[in-house]
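Colleague: Predicted coordinates and the sequence they were generated for:
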Amino acid sequence: MALTLTADERTELERRLRSRKIRAEDARRAQVILMLSRGDSFSMITATVGCYPDYINRWKQRFETERLPGLRAKYCGQPPTVRTPAMEARILSKTRQRPPDGSTHWSTRKLAKALGISHVLVGRVWRRAGLQPHRLERYMLSDDPAFEQKAADVIGLYLNPPQHAVVFAADEKTAIQALDRLDPVLPLSPGRAERHGFEYYRHGTLSLYAALNVRTGEIIGQTVPRHTSDAFVDFLNDIVDTQPRRREIHVIVDNLSAHKTKKVQAFLEAHPHVHLHVTPTYSSWLNQVELWFAKIERDLLARGILTSLPDLARKIRRYITRYNENPKPIRWTYSNPAHRITTDSADTVH
């Protein structure tokens with residue numbers, strides 16, 4: 001049975017339906033009542049308005065009981081929380097405290113529930129303050145008493161290398177595994193990533209010595225079964241063989257014990273034009289070749305199918321050869337040259 005409307009009620013409902021200033025939900029309820037007054041079925045109304053029969057029945061009953069005032073929502077929601085300096089300070093202060101439930105950090109919804117405010121407001125305050133509680137960054141604080149002097153020496157080689165000399169950033173990537181997949185690799189396809197089986201066979205490990213020419217970006221590489229003092233001396237000989245005789249060679253290395261043995265000292269005495277520059281302890285970030293190690297890890301080692309140690313060594317050599325066809329040096333700059341690198345604060349160690 002169709003609803004009966006007075007002329008004034010119909011005029012008001014049609015006004016609500018046409019209005020662009022009222023809430024969309026108010027216009028929706030007005031449309032439901034108007035369609036009921038025309039005798040439209042519930043199925044037609046649900047298809048037109050996009051609602052459920054329970055929704056139609058609820059507002060039909062309220063209109064029959066209270067008429068137009070019955071179309072007002074009984075609960076209009078809590079008033080919006082205004083972001084004030086005091087509220088912002090309260091959110092930021094609470095964010096720096098540990099949640100009482102034992103978790104390590106807040107989420108927007110968890111903090112909003114604790115403060116009785118909207119999680120959208122918490123997110124806005126976090127964005128304004130540059131806070132990201134879900135993120136974690138790590139750092140390694142060097143305990144080297146000569147940190148500043150060693151760091152300045154290494155950075156000076158990058159930014160202002162000696163004339164007529166060559167500078168290499170050298171290190172070894174140890175325990176590279178030759179992993180062979182037991183299940184076939186399923187290639188990528190539209191909407192699906194490449195898939196590897198969980199099971200693999202390990203054929204053993206080898207180490208990779210690499211030296212990055214900081215001016216040209218070229219790589220000198222050598223694979224060895226183990227990183228030993230003898231292997232390091234052989235690698236230094238490889239570096240020397242790539243340069244003209246008596247050219248000054250500066251090699252940046254870490255403070256591994258294999259770099260300080262008597263054999264290494266004997267090599268340096270026999271080659272006075274070769275100079276080793278040691279990075280401070282726990283400061284691998286000062287060695288540019290570490291960035292290249294990250295690249296070969298992404299490009300080759302992480303997803304490579306390596307059937308044997310010779311296969312691993314061959315693919316590493318091929319990668320280095322192709323890389324050297326278009327090498328790219330790493331350019332380091334200081335945004336604030338007056339900012340000194342010290343061990344006084346962990347904030348200066350990245």
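Modeller: Sure, I can see it. Numbering: from 1, shown residues only.

Colleague: and the residue lying closest to residue 48 once chain neighbours are set aside, which of the three is it?
Modeller: In space, and not counting its chain neighbours, residue 48 is closest to residue 35: 6.9 Å by C-beta to C-beta, 6 or more residues apart in numbering. Backbone N, C-alpha and C define where each C-beta goes, glycine included. Secondary structure, DSSP: H, G, I helix; E, B strand; the rest coil: residue 35 is helix.

Colleague: Now do the same contact list for residue 35.
Modeller: Under the criterion of C-beta atoms under 8 Å, 6 or more residues apart in numbering, the neighbours of residue 35 are 44-45, 48-49.

Colleague: cutoff 10 Å now
Modeller: With contact set as C-beta atoms under 10 Å, 6 or more residues apart in numbering, residue 35 has these partners: 2-3, 41-42, 44-45, 48-49, 56.

Colleague: So for those, which is the shakiest by pLDDT?
Modeller: For the contacts of residue 35, the minimum pLDDT belongs to residue 2; the value there is 75.

Colleague: And the closest residue to residue 288 other than its chain neighbours, its phi and psi?
Modeller: The shortest distance from residue 288 to any residue other than its chain neighbours is 4.2 Å, reached at residue 169 (C-beta to C-beta, 6+ apart). Reported as degrees, to the nearest 10, the phi and psi values for residue 169 are phi -100, psi 110.

Colleague: Next, count neighbours for residue 169.
Modeller: Close neighbours of residue 169, defined as other C-beta atoms under 10 Å, add up to 26.

Colleague: dump the residue contacts of it.
Modeller: Counting by C-beta under 10 Å, 6+ apart, residue 169 touches 154, 157-158, 210-214, 250-253, 277, 279, 286-292, 330.

Colleague: Take those and keep only those in helices.
Modeller: With helices taken from DSSP state H, the overlap with these comprises 154, 157-158, 289-292.

Colleague: Now do the closest residue to residue 55 other than its chain neighbours, the pLDDT please.
Modeller: Nearest in space to residue 55, with sequence neighbours left out and distances taken as C-beta to C-beta, 6+ apart, is residue 32 at 7.6 Å. Residue 32 carries a pLDDT score of 90 in this model.

Colleague: Wait, residue 32 touches residue 48, no?
Modeller: Yes: with contact taken as C-beta atoms under 10 Å, residue 32 and residue 48 are classed as touching, separated by 9.2 Å.

Colleague: Looking at these two, which one has more neighbours?
Modeller: When residue 32 and residue 48 are compared for neighbours, residue 32 comes out ahead with 26 against 12, by other C-beta under 10 Å.

Colleague: Quick check: next helix or strand after the one helix or strand the more buried one maps to?
Modeller: Assigned by DSSP states H and E, residue 32 belongs to helix 24-37. Going down the chain from helix 24-37, the next helix or strand is helix 42-45, by DSSP H and E.

Colleague: Output that following helix as PDB - backbone C-alpha positions only.
Modeller: Extracted C-alpha coordinates of helix 42-45, given in PDB (Å, rounded to 0.1, in the frame of the first residue of the first chain):
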ATOM      1  CA  PHE A  42      10.700  -2.700  -2.400                       C
ATOM      2  CA  SER A  43      12.700  -4.500  -5.100                       C
ATOM      3  CA  MET A  44      12.600  -1.400  -7.400                       C
ATOM      4  CA  ILE A  45      13.600   0.900  -4.600                       C
END
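
Colleague: relative to helix 24-37, how tilted is the next helix or strand after that helix?
Modeller: Moving toward the C-terminus from helix 42-45, the next helix or strand (DSSP H and E) is helix 53-66. With axes from the mean of the first three to the mean of the last three C-alpha atoms, to 10 degrees applied, the angle from helix 53-66 to helix 24-37 works out at 80 degrees.

Colleague: which helices and strands does the helix or strand just after helix 53-66 pack with?
Modeller: Following the chain from helix 53-66 toward its C-terminal end, the next helix or strand by DSSP H and E is helix 85-95. Counting by 3 or more C-beta pairs under 10 Å, 6 or more residues apart in numbering; DSSP states H and E, the packing neighbours recorded for helix 85-95 are helix 108-115, helix 119-129.
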